[in-house]
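**Student:** Model the structure of this input:
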Amino acid sequence: MSEWFSLFLVFWALYLIDGLRVGRRERLHFQAFGGRLRARVTPATWHLPVPLPGAWNFTVDDLPLSLSPEGLTNWPAGSASRPVPTPLTPIRLAWEEISEVRRQRGWILVNGRRFCPVTSALDADGLQALVKQLVPLDSPSRAAALDDWERTRWQVTRLTRRLRLALGRSRLLATLNTLQTLLMVALTVYLLADGSARVSSKVSERIARAMPWWAAYYGVLHLVVIFEFRRLHKALFPAAKEERGNIIMTALLVPAQALRLRQHLLRPLAAGVHPLAAALAAGRTGAAPGLAANTLRDIDWPFLPADQLPAGTEPIVLNAGLRIRKLATSALAAANAPALSPETLLAAPNADGPSACAYCPRCGDQFIRTDSKCRLGVPLKPLG
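**Tutor:** The predicted structure is shown next:
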């Protein structure tokens, strides 16, 4: 049985590290354990999916820049993450000044300079397309085009519908993966517990003779799973032929990675959406209030250090924030939940003690003086 033991050891090692995401910056990872839209969110620089066949997850990013009819800057607006992913070197550009946009080592380069990281919210091709669309337009037309572009990041109803559709259609896939996993768990436990020494020699010999047949049964399940995944992926993402081929080839060569194919059906659905929109679609009861409060506070009380930003940056950030504020307010109103109303989310906190008389509306810290500012330069508001 030693050769089987080594095989299972490698199998489970590959299974556990499948889906591991490690990066240099913090991202928002949504994860659920079953087939319902009840995902929890974890901000982290790395993410390891739950090792369950029916679990699913996706990752979203804040937009690492601000857009307005006058130009763009890599200083973000309306961020749900904390801390806000601000750049080391703020840059402000007019649309007409942009001559080149390309990607290099995970960064978007504008006119040869590092502008912002590549994220699921926007990549170099997407920014290049936006530049080509906006440069020939006048200011009102640019504002309308930016409204349309931003609106695509807030299609909560569409995202909810697509997530439910993918979860419903992938039930069979998750069930087949569960059967495969249970079979592998049973065989692994038998080997680790030295099952051949715990049963009679007759039973042990029968299990040894049946092992090739179990492997054949697993192989048939494996092929059925891949065929089912191909059918679902083609229906949900008909244009992603190259991506589908890469996933299938990997699953064929590394069977352990075929046990969680459902995650490949859910991950692309949230690409480009605002984190709050993702939370409203997939985690309203848990993640949405916190992300909503962060987003609204970043818009109403933005962190704009005048000594660090190029001239003309602040109007761009404020303009982008107003655009996001309108869409976020509409999305929260459509949720029809009292806990998600802007008034509730931005209400003054209870005083921590008798001496507390003011608070920062952005970070929530409390103070004993009203005529001051928090460390981010935001004017304080009185408690009560």
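
**Student:** Please name every helix or strand in contact with the helix or strand harbouring V220.
**Tutor:** Using DSSP states H and E, V220 sits within helix 201-236. Contacts defined by 3 or more C-beta pairs under 8 Å, 6 or more residues apart in numbering; DSSP states H and E place helix 201-236 against helix 156-169, helix 171-192, helix 195-198, helix 241-253, helix 262-266. (Each C-beta comes from the backbone N, C-alpha and C, glycine too.)

**Student:** rerun that using 6 Å as the cut-off
**Tutor:** Helices and strands touching helix 201-236, by 3 or more C-beta pairs under 6 Å, 6 or more residues apart in numbering; DSSP states H and E, are helix 171-192, helix 241-253.

**Student:** what about G364, which helix or strand?
**Tutor:** Under the assignment given by DSSP H and E, G364 is not contained in any helix or strand.

**Student:** how about the nearest residue to it, chain neighbours excluded?
**Tutor:** P349 (6.0 Å; C-beta to C-beta, 6 or more residues apart in numbering).

**Student:** same thing with N319?
**Tutor:** S68 is the one closest to N319 (C-beta to C-beta, 6+ apart), at 3.8 Å.

**Student:** How about P310?
**Tutor:** R92 (4.2 Å).

**Student:** and V84, that one's in a strand?
**Tutor:** No. With DSSP: H, G, I helix; E, B strand; the rest coil as the criterion, V84 is coil rather than part of a strand.

**Student:** Show the backbone phi and psi for it.
**Tutor:** Main-chain dihedrals, V84, degrees, to the nearest 10: phi -70, psi 140.

**Student:** Roughly how far does it sit from L130?
**Tutor:** According to C-beta to C-beta, to the nearest Å, V84 and L130 sit 22 Å apart.

**Student:** so after the helix or strand encompassing A13, what's the next helix or strand?
**Tutor:** Applying DSSP H and E as the criterion places A13 in helix 2-17. Using DSSP H and E, the helix or strand that follows helix 2-17 in sequence is strand 21-32.

**Student:** Which other helices and strands does that following strand contact?
**Tutor:** The elements that strand 21-32 packs onto, with contact taken as 3+ C-beta pairs under 6 Å, 6+ apart, are strand 40-47, strand 56-60.

**Student:** relative to strand 40-47, how tilted is the last one?
**Tutor:** This means strand 56-60. Angle, strand 56-60 to strand 40-47, by axes from the mean of the first three to the mean of the last three C-alpha atoms, to 10 degrees: 70 degrees.

**Student:** Start the count at 517 instead of 1 going forward.
**Tutor:** Will do, 517 is the new start, and the previous item becomes strand 572-576.

**Student:** Could you export strand 572-576 as PDB, CA atoms only?
**Tutor:** Provided in PDB are the C-alpha atoms of strand 572-576 (Å, rounded to 0.1, in the frame of the first residue of the first chain):
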ATOM      1  CA  TRP A 572     -17.400  29.000  -3.900                       C
ATOM      2  CA  ASN A 573     -15.500  32.300  -3.700                       C
ATOM      3  CA  PHE A 574     -14.500  35.300  -5.700                       C
ATOM      4  CA  THR A 575     -12.300  38.300  -5.100                       C
ATOM      5  CA  VAL A 576     -13.000  42.000  -5.800                       C
END
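
**Student:** I'd like the distance from the helix or strand following it to the chain centre, please.
**Tutor:** Moving toward the C-terminus from strand 572-576, the next helix or strand (DSSP H and E) is strand 582-584. Centroid displacement of strand 582-584 relative to its chain, using C-alpha atoms, centre = their mean, to the nearest Å, is 22 Å.

**Student:** tell me which residues in strand 582-584 are buried?
**Tutor:** S582, L583, S584 (16 or more other C-beta atoms under 10 Å).

**Student:** Parallel or antiparallel, list what pairs with that strand.
**Tutor:** Applying DSSP bridges to the sheet, strand 582-584 is found paired with strand 587-589 (antiparallel).

**Student:** can you list the residues that contact the strand it pairs with?
**Tutor:** With contact meaning C-beta atoms under 6 Å, 6 or more residues apart in numbering, strand 587-589 is reached by L581, S582, R608, L609, A610, W611, T829, I832.

**Student:** Pull up the gap between the third one and I840, please.
**Tutor:** Pointing back at R608 there. Using C-beta to C-beta, one gets 18 Å for the distance from R608 to I840.

**Student:** Check the first one too.
**Tutor:** As defined by C-beta to C-beta, L581 lies at a distance of 12 Å from I840.

**Student:** How about the fifth one?
**Tutor:** Relative to I840, A610 is positioned 21 Å away (criterion: C-beta to C-beta).

**Student:** what number of residues lie near R714?
**Tutor:** By other C-beta atoms under 10 Å, 10 other residues sit near R714.

**Student:** residues touching the residue nearest to A659 when sequence neighbours are not counted, list them.
**Tutor:** Distance criterion C-beta to C-beta, 6+ apart; nearest residue to A659, sequence neighbours excluded, is P585 at 4.8 Å. By C-beta under 6 Å, 6+ apart, the contact list for P585 reads S655, R658, A659.
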